[in-house]
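Visitor: need a 3D model of the sequence below.
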Amino acid sequence: MAFFMNRDKTIAVLLVLIILFKLADLYVDFANHVSDHHIIQEIILILLSAGIFVFLTRDIAKRSKQAQVLDQQLKISKAQSETLSKKVIETKAQFFSAIEEQFTQWELTTTEKEVAILLVKGLSNFEIAEVRGKSEKTISHQASSVYKKASVTGRHELAALFFEELIN
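Guide: Numbering: from 1, shown residues only. As a prediction, the model looks like this:
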């Protein structure tokens, strides 16, 4: 935006110079009694240049004001985004705290808690095995233990226990 403003201001200055030179030329033409036809052409060029100058300066002022409004809106959006980010972080912490509390009530072991959180996040047994460096069969047994202690039949019911609370 600054590039266009500087370019526009340069054009405006050049238009002022053209107008000044044309006015000086008009004065010389009057002094030398040049034909009316030529003087009318010069006056028309001066008026056109002045009109373009006025249009350009108004356009520069309008765009400058729009830029200020956009800058203000950007600052407001940034502040809202930061507030929202803080709320999301707080909500996430509360959510995982609630999950941890529920895991404790179910009396899950540390390993089962780790597996359960990965199940709630949507990882498959294979993916959990890869992340934890265990066999898929071991993870399957640990997941079964989690499901039994949570009184659910699988990962979807386990996740639903937590996400239904968010919706209600």
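
Visitor: show me what the helix or strand where I40 lies is packed against.
Guide: Assigned by DSSP states H and E, I40 falls within helix 36-105. Applying 3 or more CB pairs under 8 Å, 6 or more residues apart in numbering; DSSP states H and E, one finds that helix 36-105 contacts helix 2-31, helix 110-120, helix 155-167. For glycine as for every other residue, the C-beta is placed from the backbone atoms N, C-alpha and C.

Visitor: same for the last one, what does it pack against?
Guide: It refers to helix 155-167. Using 3+ CB pairs under 8 Å, 6+ apart: helix 155-167 touches helix 36-105, helix 110-120, helix 136-150.

Visitor: quick one on the thing from earlier: what's the most buried one of the helices and strands packed on helix 36-105?
Guide: helix 110-120 (a mean of 19; mean count of other CB atoms under 10 Å).

Visitor: compute the inter-axis angle for that one and helix 36-105.
Guide: Orientation of helix 110-120 against helix 36-105 (axes from the mean of the first three to the mean of the last three CA atoms, to 10 degrees) gives an angle of 140 degrees.

Visitor: can you tell me the SS state at the residue of the chain positioned farthest from its centre?
Guide: Taking CA atoms, centre = their mean, the residue of the chain most remote from its mean C-alpha position is H33, at 64.3 Å. State at H33, reduced to three classes by DSSP: H, G, I helix; E, B strand; the rest coil: coil.

Visitor: good, wrapping up.
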